[in-house]
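> Quick one: sequence and predicted model below, then my questions.
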Amino acid sequence: MAKAIWNGMVLAESESVQIVEGNVYFPPDALKREYFHESDTHSTCPWKGLASYYHIEVNGEVNNDAAWYYPEPKDAARYIKDHVAFWKGVKVE
């Protein structure tokens, strides 16, 4: 069971994650949505496509753009559509 933890709270947990380029991508239904807020930030990966981001808020603290996902990935990455990966201090174990 993989878990994403920040500020003492489990943000996501799943037994069916995808690992891409060393990042653990959690399926959409693994997220505890109350901690996620849409961001206006985007970035582009040459082979995965356009990424969107979430801010994470736990106990009044915000970790800006600490999670990302691909809502419309390119064909090579279609298996991670809407899956979420983390950085910026979010621990994945």
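Arrived safely, thanks for sending.

> which residues of this protein fall in strands?
2-6, 9-14, 18-20, 23-25, 36-45, 49-58, 61-69, 84-86, 91-92 (DSSP state E).

> what angle sits between the fifth one and strand 49-58?
Strand 36-45 runs at 150 degrees relative to strand 49-58, counting by axes from the mean of the first three to the mean of the last three CA atoms, to 10 degrees.

> hey, which of the strands of the chain is tucked in deepest?
strand 84-86 (a mean of 24; mean count of other CB atoms under 10 Å). Every C-beta, even on glycine, is put in place using the N, C-alpha and C of the backbone.

> now for that one, which elements pack on it?
strand 9-14, strand 23-25, strand 61-69 (3 or more CB pairs under 8 Å, 6 or more residues apart in numbering; DSSP states H and E).

> Try it again at 7 Å.
When contacts are defined as 3 or more CB pairs under 7 Å, 6 or more residues apart in numbering; DSSP states H and E, strand 84-86 packs onto strand 23-25, strand 61-69.

> who are the neighbours in contact with Trp23?
Slight slip there: residue 23 is Asn, not Trp. Ala85 (CB atoms under 7 Å, 6 or more residues apart in numbering).

> what are the bridge partners for it, then?
Listed beta-bridge partners, Asn23: Val20 (assigned using DSSP bridges).

> can you pull the pLDDT of it?
Listed pLDDT for Asn23 reads 97.

> do you know which of the helices and strands packed on strand 84-86 lies nearest His37?
Judged by CB to CB, the one of the helices and strands packed on strand 84-86 that comes nearest to His37 is strand 61-69, at 8.1 Å.

> for the closest one, what is the average pLDDT?
Per-residue scores along strand 61-69 average to 98.

> can you check stretch 82-93 too?
Mean predicted confidence for stretch 82-93 is 98.

> Next, the distance between the ends of it.
20 Å (CA to CA, to the nearest Å).

> Tell me how far it lies from the chain's centre.
Here the centre of stretch 82-93 is set off from its chain's centre by 5 Å, with CA atoms, centre = their mean, to the nearest Å.
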